[in-house]
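>>> the sequence and its predicted three-dimensional model are supplied below.
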Amino acid sequence: EVQLLESGGHLVQPGGSLRLSCAASGFTFSTYPMAWVRQAPGKGLEWVSTITGNGGVTNYGDSVKGRFTISRDNYRNTVFLQMSILRVDDTAMYYCARALLSGNTRFFDLWGQGTLVTVSS
Amino acid sequence: IQLTQSPSSLSASVGDRVSITCRASQDISSHLAWYQQKQGKAPRVLIYAASTLQSGVPSRFSGSGSGTDFTLTINSLQPEDFATYYCQQLNIYPLTFGGGTKVEI
């Protein structure tokens, strides 16, 4: 079955660190860029980061640049999000998504169920 | 690039035709996708490249536009269509989403 399964969400104190994982199955993982998208409680979607299939290129949203690091292990079919210097406003459901390239465009065609990160003292 | 969706919410009835607009702060060509999100669930893509229907999505959904102005139309609204809809630009980093449109009964 083609799916993404996130894990690692937790309650963490402000200033702390956390690593999220997203395990992929059912498709050739290394050929797809992957992304993280988050959603604060009751709010809209916010793109966090994207990594290319070979891991060579990464991009970040302004609100997480310098604090979060995306990486992937194509042998374990897993993408990670290392989060540090966490702030209360990082509290959100974090979704992993697969980016599909179609012609000269792209979109997120497969999403995980999300993992909840709560930053609070 | 900022994406402005309107309206932010709307009320409609089963069978209605509904249109949601998304305006980009600069030209994004056709690099726009539309997603549907139901309460407590992950988003799912409906439309990509502004007007291409994703496989498995009912044909009552359609997208149009290019440049800065885009529209998602739902013909003959069904009970399962009550949800929140987001546009997303994928032309340039940082990728951005619109603020969302909640479609309610």
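Cool, the structure landed.

>>> helix or strand for the residue of chain B positioned farthest from its centre, which one?
Within chain B, the residue lying farthest from the chain centre (Cα atoms, centre = their mean) is B:Tyr93, at 19.7 Å. Secondary structure assignment for B:Tyr93, by DSSP states H and E: no helix or strand.

>>> show me which residues of chain B sit near chain A.
B:30-31, B:33, B:35, B:37, B:42-45, B:48-49, B:52, B:54, B:86, B:88, B:90, B:93-100 (Cβ under 8 Å from any Cβ of the partner chain). Every residue, glycine included, has its C-beta placed from N, CA and C.

>>> switch the cut-off to 10 Å
B:5, B:8, B:29-35, B:37, B:40-50, B:52, B:54-55, B:84, B:86, B:88-91, B:93-100 (Cβ under 10 Å from any Cβ of the partner chain).

>>> hmm, back to that, so the residue farthest from the centre of chain B makes contact with A:Val48?
No: using Cβ atoms under 10 Å, B:Tyr93 is not in contact with A:Val48, being 11.8 Å away.

>>> how about the strands in chain B?
B:3-6, B:9-11, B:18-24, B:32-37, B:44-48, B:52-53, B:61-66, B:69-74, B:84-89, B:96-97, B:101-104 (DSSP state E).

>>> for the ones you listed, which one sits closest to A:Asp90?
Nearest to A:Asp90 among the strands of chain B is strand B:96-97 (17.1 Å), distances taken as Cβ to Cβ.

>>> excluding chain neighbours, what is closest to the spatially most central residue of chain B?
The centre of chain B sits closest to B:Trp34, judged by Cα atoms, centre = their mean, with a distance of 3.8 Å. Spatial nearest neighbour of B:Trp34, chain neighbours left out: B:Ile47 (4.2 Å); criterion: Cβ to Cβ, 6 or more residues apart in numbering or on different chains.

>>> next, give phi and psi for A:Val88.
Per-residue torsions, A:Val88: phi -60, psi -40 (degrees, to the nearest 10).

>>> ok, now which ones touch it?
By Cβ atoms under 10 Å, 6 or more residues apart in numbering or on different chains, A:Val88 lies in contact with A:13-14, A:118-121.

>>> list the buried residues in the longest strand anywhere in chain A.
Taking DSSP E as the criterion, chain A has its longest strand at strand A:92-102. With burial defined by 16 or more other Cβ atoms under 10 Å in any protein chain shown, the residues of strand A:92-102 counted as buried are A:92-100.

>>> same check on stretch A:47-56?
Result for stretch A:47-56 [16+ other Cβ under 10 Å]: buried residues A:47-51, A:53, A:55.

>>> is it anywhere near chain B?
Yes: Stretch A:47-56 reaches chain B (Cβ under 10 Å from any Cβ) through A:47-50.

>>> among those, which are in strands?
A:47-50.

>>> will you turn these into JSON lines that also has pLDDT and distance to B:Val18?
Formatted as JSON lines, those follow (pLDDT from 0 to 100; distance: Cβ to Cβ, whole Å):
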{"residue": "A:Trp47", "pLDDT": "98", "distance to B:Val18": "26"}
{"residue": "A:Val48", "pLDDT": "98", "distance to B:Val18": "30"}
{"residue": "A:Ser49", "pLDDT": "97", "distance to B:Val18": "33"}
{"residue": "A:Thr50", "pLDDT": "97", "distance to B:Val18": "31"}
